[in-house]
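# have a look; sequence and predicted model below, questions after that.
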Amino acid sequence: MSAPAVPSFGHSVVTTARLQLKRFSRGKKLWLAVIALALVVAGVVTARYLGTDVDAEQAGKSVTSGLRAGFMGLLVYLLPFLMASGVIAEEVEGRTLSFLVARPVSRWALGAGKYLASIALAVPLLAIGILVVHLACFATFPSALVDQLPSTLRVMGACSLLACCYAAFCMLWGAVAVEAAGIVATLHLAVIEFGISLVPGPFRCISMNYIASQLAGFEKGGLWPDSTPDVPVLAAGITLGAVTLIFFGLSLLAVATSEFRFSKA
Amino acid sequence: MSQDAEEKAPSIRAVRLSKWYGRVTALQDVSLHLEPGVWGLLGPNGSGKTTFLRLVAGQMRPSLGDVRVCGLRPFGNVDALRRIGLCPEADAMYDDLSALEFVTSMAELSGYSRKESRERAEAALDAFGLKKAMERRVGGYSRGMRQRAKLAQAVVHEPDVLLLDEPLTGTDPTSRAVILEQLAKRAAAGAVVLFSTHVLHEVEALTDRVLLIARGQVVAQGRVHEIRDLLEEHPHHVQVVVDRPRELATAVLGEPGVLGVRFPAAHTVEFETREPDRTYAAIAKKAVEGKFHITSLTSPDATLEALFHYLVERSGRMAGTGADAASGSATPYTGQNLAAPGKATAGAKTSSKEARR
């Protein structure tokens, strides 16, 4: 008998992430995500070209509202939800988690690898979608293609950070509420993230979606927008990063300490 | 052997191990020490076999007591886990992956490089007869092939302790032979192989060392022939559907071993016997002599499950009377009075039978 030495944390994270990515590539979720992305991109680009006699400024406004509605208002919820809410819960429900936790891999590494795989798909998909929208919408205005790039990249950065944050939320609920992971994660995103992002006053700052909107440079929307405080870019970035780290840490803690449904026959 | 070396040697040790789920006690006061070799963990469904294996595999924490694998607590302990191979009972796998991808990933998670993982995975799948099918997706496999793929991932890193939960479920005779051969090889190489089953003859094909578990307690530990003796001692019931049940009862009642008779239905007679083989022969003989018309002849309880109930009840009775301190789990094993591997600890009757031998 010659069992190998315990693998390093990095090796464990990368191997777990690779296995998860392989599973994503064979499953339906990736296709769902790609289809949703294609529909949103097509919708935004179509809306941009439906207007007649559009100048570069109007095109810019059209792109901004499209990114806000299609990406910040829809895809940034959907993609992390698709990728992250099931990474733990589905392994437990499908009883395949036994194979992973029986390996000499720390459970922290296991959780980190799965999170990494989730955002490794969600974030690039969002980024590619935003880039395609930018290229397609400003194709008729070569100067705007360059001029508007910084603001598009800013939206891309905000959406990416928010996707990481939502992936952490979804993974946490998947780890602590295995049997109702989808429902709890949906409720969280719908009520706290979407619902509260529209309420007036300082409560809106509870929603990371609002914080990310500020980071992206979007104008405030929702009810009585003037009653809502502005969030400086740096503060918005730090808040998003900190909340992501907290929820990511909590989800790892849940994975590391839980007996999951091994406690059931 | 030094104490340190002894602790690191392949072994499973449980001391007063208990696990409960809410108010349900799944495992109670189990103490044992298993050394290299093949061990059968026998018990009816719901007896605590899977719970015990999960505790040993580090998937759950004990509610009470302690479990050690190669001297290490397994829950969340990567040093212990690297020495454990687990084949879970559930027929659940990554159906979208091929067996080769699956086993390679498991080998990588055990610490091998990608190249070595693939080589090891190929070798393990080949050993379990899946060479030609290893590139196919597991979702298209038969139950037996899936079982073999699960076993391949359990042995791919050459563990010192191999835990197999019902490994022969759903396998055909060919698969079964391959699996048994591989397990025997692992044991010969110095591993502790512990496999659970509820079928006695599955154990006999591989080992004669068994643990009997029922209602969360180890009720007996010993060799298969001793279990067989217990089966013989256990009062059997032989049920006969016949045209003249009372006449048959009168004819058979005087035969050796027959303890009693009852009539559960109009044309049915049920004999209680300690010697089922002789009773069957006597019934056949009397049926021919008396020209009885027998519709069916069955034994409703000639199973391990019946034996477990018998042992549990008996150990409970003995604990109550203080008749036998070593009887089953009436007195849990401790570090001091652990039964030596292979030594029967099923109760007074087995001991007396050994004495008679």
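All right, it came through fine.
# what distance do you get for B:Ala121 to chain A?
In this view, B:Ala121 and chain A are 13 Å apart by C-beta to the nearest C-beta, to the nearest Å. Any C-beta I mention is one placed from the backbone N, CA and C, and that applies to glycine too.
# remind me which helix or strand that residue belongs to.
Here B:Ala121 sits within helix B:114-127, counting by DSSP states H and E.
# and that helix, what does it pack onto?
Packing contacts for helix B:114-127, counted by 3 or more C-beta pairs under 8 Å, 6 or more residues apart in numbering or on different chains; DSSP states H and E, involve helix B:99-109, helix B:143-155.
# highest mean neighbour count out of these?
Comparing the helices and strands packed on helix B:114-127 on average neighbours per residue, with mean count of other C-beta atoms under 10 Å in any protein chain shown, the densest one is helix B:99-109 at a mean of 26.
# what helices or strands is that helix leaning on?
Here helix B:99-109 touches helix A:9-26, helix B:114-127, helix B:143-155, going by 3+ C-beta pairs under 8 Å, 6+ apart.
# same list, those, but as JSON lines with mean pLDDT and distance to A:Ile183 please.
As requested, these are exported to JSON lines (pLDDT from 0 to 100; distance: least, C-beta to C-beta, whole Å):
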{"stretch": "helix A:9-26", "mean pLDDT": "96", "distance to A:Ile183": "22"}
{"stretch": "helix B:114-127", "mean pLDDT": "96", "distance to A:Ile183": "38"}
{"stretch": "helix B:143-155", "mean pLDDT": "93", "distance to A:Ile183": "31"}
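# just those helices: most buried one?
helix B:143-155 (a mean of 24).
# which outside residues touch stretch A:213-223?
For stretch A:213-223, contacts defined as C-beta atoms under 8 Å, 6 or more residues apart in numbering or on different chains pick out A:64, A:67-68, A:72, A:151, A:154-155, A:157-159, A:161, A:197-200, A:204, A:225-226, A:228, A:230-231, A:233, A:236-237, A:240.
# what's B:Pro256 sitting at in phi/psi?
Phi and psi for B:Pro256, reported as degrees, to the nearest 10, are phi -60, psi 140.
# how near is B:Leu125 to chain A?
Taking C-beta to the nearest C-beta, one finds B:Leu125 at 15 Å from chain A.
# output the contacting helices and strands for the helix ranked longest in chain A.
In chain A, assigned by DSSP state H, the helix with the most residues is helix A:107-137. For helix A:107-137, the packing partners by 3+ C-beta pairs under 8 Å, 6+ apart come out as helix A:9-26, helix A:29-50, helix A:56-66, helix A:76-84, helix A:86-93, helix A:97-101, helix A:149-176, helix A:233-257.
# after that helix, next one along is what?
Next in sequence after helix A:107-137, counting helices and strands by DSSP H and E, comes helix A:142-147.
# tell me the buried residues in that next one?
Neighbour counts over helix A:142-147 (16 or more other C-beta atoms under 10 Å in any protein chain shown) mark A:Ala144, A:Leu145 as buried.
# got a list of contacts for the host helix or strand of A:Gly182?
In this structure, A:Gly182 sits in helix A:181-187 according to DSSP H and E. Contact with helix A:181-187 is made by A:Phe81, A:Ser85, A:Gly86, A:Ile88, A:Ala89, A:Phe169, A:Cys170, A:Trp173, A:Gly174, A:Ala177, as judged by C-beta under 8 Å, 6+ apart.
# now it: buried residues?
In helix A:181-187, counting by 16+ other C-beta under 10 Å, buried: A:Ala181, A:Gly182, A:Val184, A:Ala185, A:Thr186.
# turn the helices and strands packed on helix B:99-109 into JSON lines, including distance to A:Phe218.
Converted to JSON lines, the helices and strands packed on helix B:99-109 look like this (distance: least, C-beta to C-beta, whole Å):
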{"stretch": "helix A:9-26", "distance to A:Phe218": "30"}
{"stretch": "helix B:114-127", "distance to A:Phe218": "44"}
{"stretch": "helix B:143-155", "distance to A:Phe218": "49"}
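# out of those helices, nearest to B:Gly43?
When the helices and strands packed on helix B:99-109 are ranked by proximity to B:Gly43, the top entry is helix B:143-155, at 19.7 Å, counting by C-beta to C-beta.
# only the C-alpha atoms, please, for the closest one, written as PDB.
Taking C-alpha atoms only, helix B:143-155 is exported to PDB below (Å, rounded to 0.1, in the frame of the first residue of the first chain):
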ATOM      1  CA  ARG B 143     -25.500  -1.200 -12.400                       C
ATOM      2  CA  GLY B 144     -22.700  -3.700 -12.200                       C
ATOM      3  CA  MET B 145     -20.400  -1.600 -14.300                       C
ATOM      4  CA  ARG B 146     -21.100   1.500 -12.200                       C
ATOM      5  CA  GLN B 147     -20.400  -0.600  -9.100                       C
ATOM      6  CA  ARG B 148     -17.000  -1.600 -10.600                       C
ATOM      7  CA  ALA B 149     -16.200   2.000 -11.500                       C
ATOM      8  CA  LYS B 150     -17.000   3.100  -8.000                       C
ATOM      9  CA  LEU B 151     -14.700   0.400  -6.700                       C
ATOM     10  CA  ALA B 152     -11.900   1.500  -9.100                       C
ATOM     11  CA  GLN B 153     -12.000   5.000  -7.600                       C
ATOM     12  CA  ALA B 154     -11.900   3.600  -4.100                       C
ATOM     13  CA  VAL B 155      -8.700   1.700  -4.800                       C
END
